Structure formats: C-alpha cells, structure tokens
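> please find the sequence and the predicted model below.
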Amino acid sequence: MPTNTVTKKRVLALGTPRFAVAEFEQLCKSYDVDVVLPHPSDRDDTVKRIHEAAAARAADGGYDAMFWLFGTSAYSPFDEHMLTPVLASGRCGLLASGGAGYNDVAFEWAAERGAYVTNTPDGPTQGTADMALLLFLSALRQARLTEQTMRSGHWRQGLPLMDDPQALTVGIYGMGAIGRAFAKKIAGAFPPRRIIYHNRSRLSPKQELEAGGAEYVSFEELLKTSDVLSIHCPLTEQTEGSIGADQFAIMKDGVYIVNTARGAVLGEAAFIAAIESGKVAAAGLDVFDNEPRPNPFWLTCDRVTVQPHWGGFSKMTIKRGEGYVLANVRAFLEAGTPINPVNKP
C-alpha cells in the first residue's frame with residue numbers, strides 16, 4: 001500500500017551552537033537541518049558556501065528558515081548579495097540572528113520578500129552591561145595609561161590623579177534593557193552623584209527608580225551635563241553619527257565616553273579630534289567603525305581602553321543567546337510567527 005510521507009521543514013544553520021547543544025539536537029530531530037560552517041575570516045568564502053547550500057536545495061523548494069549565531073563580524077553584513085539565493089524560492093520566511101543589534105541585516109529588504117528577521121534583545125543584556133561597567137571604570141582610572149606606564153618601567157611616575165565615580169554625573173544615551181542594566185549596576189556598586197538619560201521615550205517612574213533614580217533629560221542637556229557619557233542606543237538612521245563635532249563642542253571639557261552600542265553612533269573623525277584636543281579625557285570602547293579592522297588610532301592611544309566587541313561573549317550570555325535564536329526558529333516553524341521579530345513581512 002502507498003504510504004504518505006511528510007516532508008520535514010528545512011533549516012539552514014550558519015554554524016552550530018557551542019552551549020545550547022541539547023536545543024540544537026532537538027531542532028535537528030524535528031526538522032531537516034543543513035549546517036554551513038562559515039569561514040572564520042573570509043566573507044567571500046562564507047557567502048559562496050551559503051549560495052552553494054541554497055543551490056543544492058533549490059530543486060526541493062529551498063529552505064523554510066535560516067539562522068546564524070554570534071561572532072559574525074568577519075563575514076557580515078547579511079545583505080542582499082549574501083541572502084538572495086536563500087530567499088529566492090519565496091519559501092524561506094525567517095532569518096534568525098544572534099545579538100541585540102540588527103543594523104548589519106537587510107531587514108527591510110527581507111520583509112519585502114516575505115521573511116521575518118529576528119534578534120535576541122535580552123540575550124546580551126547582562127554581559128554587555130558588565131562590559132560597560134568595566135570600561136566605565138577603565139576610563140575613569142585610565143587603565144590603559146596606567147598599565148602602559150608600569151609596563152614601561154616607570155611605576156606611577158607622571159600619572160595624574162583620577163576621578164571618582166561618586167562625584168560625577170553619569171549620562172546614558174539609550175535606556176533600553178542594556179542601558180537600564182548598566183544604570184542599575186553603577187547605582188548599586190558606587191552610586192554616582194546623578195544618573196541622567198535620554199531615550200526615544202521616557203521610562204515609567206518604576207523603571208526610573210529601578211535604574212538608580214535615573215532622570216529623563218533632553219539630548220542637549222544630556223550632552224551638556226554629563227561627566228561620563230555611556231552609549232547604549234541602537235544604530236538607526238536617527239542615531240548614526242548623532243554625536244559629531246557640534247555635539248562634542250557642547251560637552252564638558254574632560255568628559256569621559258563609554259561605548260558598547262555601535263561605533264557609528266559617534267562621528268569617528270570628530271571623536272578622535274575630541275580625544276586629541278583633551279575635550280574627551282579618556283574613553284572605553286567595545287565597538288568601532290569598520291569592525292574587525294578599526295582605525296589604528298584606537299589601538300595606539302593610551303587614553304582609550306579597547307575591547308574587540310566582546311561585551312556579549314561570556315558563557316552565560318552566549319548560552320542564553322543561542323537558546324533565544326533557536327526558540328525563534330522553532331516558534332516560526334511551529335506557529336508561523338517568531339518571538340522577537342524586528343520587521344513585518
């Protein structure tokens with residue numbers, strides 16, 4: 001007698017999880033999962049591998065969903081050139097991305113082709129806020145400068161006295177989950193004199209209280225009043241380059257800058273000029289323009305502590321984030337709607 005066969009839905013996985021292994025194994029049992037291993041440093045090679053996988057499945061109708069995880073800067077952006085073969089059949093309805101930011105994904109283009117793009121908004125919250133805290137202290141105590149002085153054999157000779165967080169006004173640009181977590185951490189560890197913030201919309205009184213009594217101010221007042229400016233906003237058309245020469249000009253002399261959001265929020269040329277002039281006393285940066293090959297200035301300036309976009313790369317953060325990515329895939333394949341869409345097909 002003839003038997004009815006049910007074709008499993010198909011998923012293209014760009015890489016495999018390091019920690020959410022059980023969840024991935026369950027996904028592989030439920031669906032037909034093809035794994036493409038990205039090249040660690042060659043974007044063109046990674047794109048070629050994706051295109052080859054899509055071509056191999058084209059005769060069967062293509063994929064229903066695709067996902068990628070973390071540490072993708074070597075082969076991002078996830079643009080039309082990379083993804084067109086995956087979406088060409090019209091069958092693929094989900095592109096599930098790791099990380100909170102999605103400025104490197106062509107999400108509007110994907111929506112026009114009927115595909116959701118998802119992120120993991122809560123996955124990197126604590127890890128990135130911890131990194132902001134580390135860079136906050138590193139900037140205030142000028143950790144790069146003091147370490148270089150000691151390593152060069154001069155002990156603390158010539159070092160200036162540093163600032164204390166308790167005496168300062170800390171300004172937060174962008175009060176989403178990461179900004180609020182950062183405010184809560186600094187308020188609990190060493191309460192600054194004042195925490196102020198600017199956001200697209202004001203938080204509720206309860207959220208402001210939980211964020212160390214943070215006060216909502218205008219963008220201009222944030223720039224004029226902050227002794228430390230910590231950047232946590234997403235990179236959008238509105239925020240890209242929103243801190244440039246005119247904005248640095250109205251900041252306090254000797255301001256400190258911390259950035260764990262996206263490098264392009266600050267105009268790089270104006271930022272470098274502000275550091276060289278002393279307008280910015282010191283900075284702590286985890287994000288840059290042109291990652292993973294930032295301007296050499298950031299690698300040589302003794303008043304800047306740098307990290308390689310590493311805030312979200314802790315064991316707990318990656319495990320949670322991987323779980324969120326796979327949960328978005330499963331929710332879409334089972335119900336047709338993902339948990340964390342950033343667009344609307």
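Structure received.
> point to the residue nearest the middle of this structure.
residue 101 (4.6 Å; CA atoms, centre = their mean).
> right, and that residue touches residue 262 too?
Yes: using CB atoms under 8 Å, residue 101 makes contact with residue 262 at a distance of 6.4 Å. (C-beta placed from N, C-alpha, C; glycine too.)
> ranges for the strands of the stretch 101-250 of the chain?
Using DSSP state E, counting those that start in this stretch, the strands found in the stretch 101-250 of the chain span residues 116-118, 169-173, 194-198, 215-216, 228-231.
> what sits against residue 166?
Residues near residue 166 by CB atoms under 8 Å, 6 or more residues apart in numbering: 190, 191, 192, 193.
> quick one, which of those residues are buried?
Buried residues within these, counting neighbours by 16 or more other CB atoms under 10 Å: residue 192.
> could you list the low-pLDDT ranges of the stretch 1-150 of the chain?
Low-confidence segments of the stretch 1-150 of the chain (pLDDT under 70): 1-6.
> redo that, cut-off 90
Flagging of the stretch 1-150 of the chain using pLDDT under 90 yields the residue ranges 1-7, 99-101, 122-123.
> okay, helices next: where are they in it?
Counting by DSSP state H, counting those that start in this stretch, one finds helices in the stretch 1-150 of the chain at the ranges 21-30, 43-58, 80-87, 107-112, 125-140, 143-151.
> select, out of those, the one closest to residue 172.
Among the helices of the stretch 1-150 of the chain, helix 125-140 comes nearest to residue 172, with 9.3 Å by CB to CB.
> residue 91 reaches residue 64, doesn't it?
Yes: the criterion here is CB under 8 Å, and residue 91 meets it with residue 64 at 6.1 Å.
> residue contacts, residue 244?
Counting by CB under 8 Å, 6+ apart, residue 244 touches 266, 267, 270.
> and the residues you listed as TSV, adding pLDDT, neighbour count and distance to residue 344?
As requested, the contacts of residue 244 are arranged in TSV below (pLDDT from 0 to 100; neighbours: other CB atoms under 10 Å; distance: CB to CB, whole Å):
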residue	pLDDT	neighbour count	distance to residue 344
266	98	29	30
267	98	20	31
270	98	18	35
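> just the residues you listed now: which is nearest residue 329?
Nearest to residue 329 among the contacts of residue 244, with distances taken as CB to CB, is residue 266, at 34.3 Å.
> excluding sequence neighbours, find me the nearest residue to the closest one.
Spatially, and ignoring its direct neighbours in sequence, residue 266 is nearest to residue 243 (4.7 Å; CB to CB, 6 or more residues apart in numbering).
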